[in-house]
Structures are given as C-alpha cells and as structure tokens.
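A.B. asks: sequence first, predicted coordinates after that:
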Protein chains: 2
Amino acid sequence: MKNPFEAMKQLKKLQEKMAKIEEELEQTLVEGTAGGGVVKIVMTAKEEVKEVKIDPEVVNKDEVDILEDLIAAALRDALTKAKEKSAEKMGSLTDGLPLPPGLF
Amino acid sequence: MKNPFEAMKQLKKLQEKMAKIEEELEQTLVEGTAGGGVVKIVMTAKEEVKEVKIDPEVVNKDEVDILEDLIAAALRDALTKAKEKSAEKMGSLTDGLPLPPGLF
C-alpha cells in the first residue's frame, strides 16, 4: 500500500462490507434447543431474541430446576450458533484485502 | 507513526490490552431480570450463561406464554447489559493509541 489515499479507500471498502454483513446477520435466524426441542430459543445472528418456546410438558412447579437447566442449555446453544454464524460472515470480511496478518 | 516497527509495536500493545480486557469480561457477571425479578438470567459479560432462576409462582402449565415472554425479556435484558459492559471495556482499548479516527 504505497499512499495514504489507497489506505483510506481500502478502509472505506472494509466499512461498506461490514455494514452489509451486519444487515445479513440481522436477517439470519438461529434456533437453540434443549431436551430434544422441549425448549426452543430463536434469535437473530446479532443475538436479538425473537422467541422462546416451552413445551407445557416441562412446565411443572415441582421441577423448576429441570426447567431452569433446559432453558440455560437452549440459551447456550442459541448463543453458540449465533456467534458461529457471525464469525463465519465476519471471516469473509477481510477476503481479498491486503491486510497485515493478525490484525483481525 | 514514522516506521513499520513502531506500527508493529503499537499493534502488539493493542493485542495485549485486548487479551486483558477479554479476561476481565470473562470475570464480570451481569444479571438480566423480568417481571420484577421472577425470572433472572446470570451470564458473564462474554455472554457465557451461568444461571437461570425462575420463581415457581410463574411456573404454570396454563400460562406458558407468560413464562415464555418473561424469559425472553430477561434474556434481552441480560444480553443488553453484557454488550454494554463489553462496549465500555473495549472503548478503553484505543485510549492513548495514535489510531486514525473511525478505524474502530
């Protein structure tokens, strides 16, 4: 990269690409589940929570701890999937841009 | 920044600072609540789910939709707090580093 204008052009391209990816992530839904689907949590890949679905079968005053664990597990699953999707898309961000290794 | 060695030194400093902040975020807990605390979700500022707590009072087979909404609300609250904490700490990352405006 010989001159600063070239660097600024690359930075602008990077920011435009980033904005496009952010938009795609907002439209991408992931679903975290637990207990074979008795608890489902749907969110966007930007981690905006869309829906929580619980099978009435596991809604039981005497087994609240089991319900709590199922929800925690479904939540971990949803967040993991959202982060994987985000990392996958962000990974494509620096394709083809002459950046020093390790910057991102 | 006159020479590339200076740039590499700054980059190394940035990466060390980032690693320290990541560690702090892993140790920082946030709590999302809904319904005045009948549902609580505890996670780290890195969004690692630690605990889901539900008051048995709202665990009712006939009102699963209310429980679903409470959990979704507590989850949004927890994720918002985790992201705020992360943005706050990351914001301090570039303090004192001679970086072009708008890079982060």
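C.D. replies: Arrived safely.
A.B. asks: any low-confidence regions in chain A?
C.D. replies: A:1-2, A:94-104 (pLDDT under 70).
A.B. asks: so what does the longest helix along chain A touch, helix or strand wise?
C.D. replies: In terms of residue count, the longest helix belonging to chain A (DSSP state H) is helix A:64-91. Helix A:64-91 sits against helix A:4-27, strand A:29-34, strand A:39-44, strand A:49-54, strand B:49-54, with contacts defined as 3 or more CB pairs under 8 Å, 6 or more residues apart in numbering or on different chains; DSSP states H and E. Quick note: C-beta positions are derived from backbone N, CA and C, even for glycine.
A.B. asks: spit out the contact partners of the most centrally placed residue in chain A.
C.D. replies: Geometric centre of chain A, nearest residue: A:A82, 2.4 Å, by CA atoms, centre = their mean. Residues near A:A82 by CB atoms under 8 Å, 6 or more residues apart in numbering or on different chains: A:V30, A:M43, A:T44, A:A45, A:K46, A:E47.
A.B. asks: okay but the last one is in contact with B:A78, surely?
C.D. replies: No. Counting by CB atoms under 8 Å, no contact exists between A:E47 and B:A78, whose distance comes to 10.5 Å.
A.B. asks: ok, those two, which is more surrounded?
C.D. replies: B:A78 (26 against 20; other CB atoms under 10 Å in any protein chain shown).
A.B. asks: grab the nearest non-local neighbour of that one.
C.D. replies: B:G32 (2.6 Å; CB to CB, 6 or more residues apart in numbering or on different chains).
A.B. asks: the nearest residue to A:K50 once chain neighbours are set aside pairs with what?
C.D. replies: Once flanking residues are discounted, A:K50 sits nearest to A:V42: 4.5 Å by CB to CB, 6+ apart. Taking DSSP bridges as the rule, A:V42 bridges to A:E31, A:E51.
A.B. asks: tell me, how many neighbours does A:V42 end up with?
C.D. replies: So A:V42, with other CB under 10 Å, has 18 neighbours.
A.B. asks: appreciated, that's everything.
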